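In: 3D, please:
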Amino acid sequence: MLLSQSARSVSALFTRWRFFASLSSLPLPLSNSSSAAGPACPPEGLPSGRAETVWIVPLHDHPWYDHVRLKRVFVTDGTRHQVVLVDLRKLLACADRDNTDYVLKPVAEWHSGKVRGIREFLDPESPRVPQMPYVTISTRRAPGLLGWLGLEREGVVAFRNGQHRARYLADAGARWCPVEVHEREAVLLREICGAADDARTAIRAVPLGSEGGA
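Out: Here you go, the predicted model:
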């Protein structure tokens, strides 16, 4: 009895060895077969299936160049931020109400080095595309009787990034500008600072690398 069981065990092991030996003789897959089976992953930081977008903002009072290029701050899939076209005058009026001591003076009061630095930073001939301003917006009770009664509120904008470029663009004759804001504040920003319908034809959004001829 014990001998027959040992013989069966040896026979089973020999059968398994023959099976694995036969596998080793099969042809190996090609090194690029995995890439042929499915699409490659998109570059890190870019939305899947979409090229990075550049917004072309025209300038109407600027002798050095007549437009600037801006791109998004948040470009990954699943971002909870939106691009909103704003009226720069309305946006800066709300920014002037910010009480965090980070409200810049008008461009005319900047020192020449700062003006030159921002001008060079925004130059569309530069290979680097600057990011658009990134803001937050809230409301507070407006001054006066109606505000005291809670019947009138005003917008307050705080810049997380890009206040210098926003004020420089306004001084250079830009009427509208794309800015980025968290999705929960996008509706409020459009209501208070939203650009006119003309902005959607004046400001072009094109894939990065195809903005020539702006």
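In: Next one: the closest residue to G162 other than its chain neighbours from W55, what distance?
Out: In space, and not counting its chain neighbours, G162 is closest to P133: 3.1 Å by C-beta to C-beta, 6 or more residues apart in numbering. Using the backbone N, CA and C atoms, a C-beta is placed for each residue, glycine as well. According to C-beta to C-beta, to the nearest Å, P133 and W55 sit 11 Å apart.
In: The two: who's more crowded?
Out: The neighbour comparison of P133 against W55 (other C-beta atoms under 10 Å) goes to P133, with 27 against 21.
In: is it true that that one touches F159?
Out: Yes. P133 lies in contact with F159 (C-beta atoms under 8 Å); the separation is 6.2 Å.
In: Return every residue with contacts to both of those two.
Out: Common contact partners of P133 and F159 (C-beta atoms under 8 Å, 6 or more residues apart in numbering): A166.
In: ranges for the strands of this protein?
Out: 53-58, 67-71, 81-87, 134-141, 153-161, 176-182, 204-207 (DSSP state E).
In: next one: phi and psi at the residue nearest the centre of the chain?
Out: For the chain, the residue nearest the mean C-alpha position is R72 (2.6 Å; C-alpha atoms, centre = their mean). For R72, the backbone dihedrals are phi -70, psi 160 (criterion: degrees, to the nearest 10).
In: hang on, it packs against E180?
Out: Yes. Using C-beta under 8 Å, R72 is in contact with E180, at 6.0 Å.
In: which neighbours do those two share?
Out: In contact with both R72 and E180: H81, V83, M132, using C-beta under 8 Å, 6+ apart.
In: Count the residues that sit near the residue nearest to T100 when sequence neighbours are not counted.
Out: Closest residue to T100 apart from its sequence neighbours, by C-beta to C-beta, 6+ apart: A158 at 6.3 Å. Per other C-beta under 10 Å, the neighbour tally for A158 reads 17.
In: Who does A158 form a beta bridge with?
Out: T136 (DSSP bridges).
In: Same list (the shared contacts of R72 and E180) but as CSV, adding distance to G209 and neighbour count.
Out: Below are these laid out as CSV (distance: C-beta to C-beta, whole Å; neighbours: other C-beta atoms under 10 Å):
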residue, distance to G209, neighbour count
H81, 23, 18
V83, 19, 19
M132, 18, 25
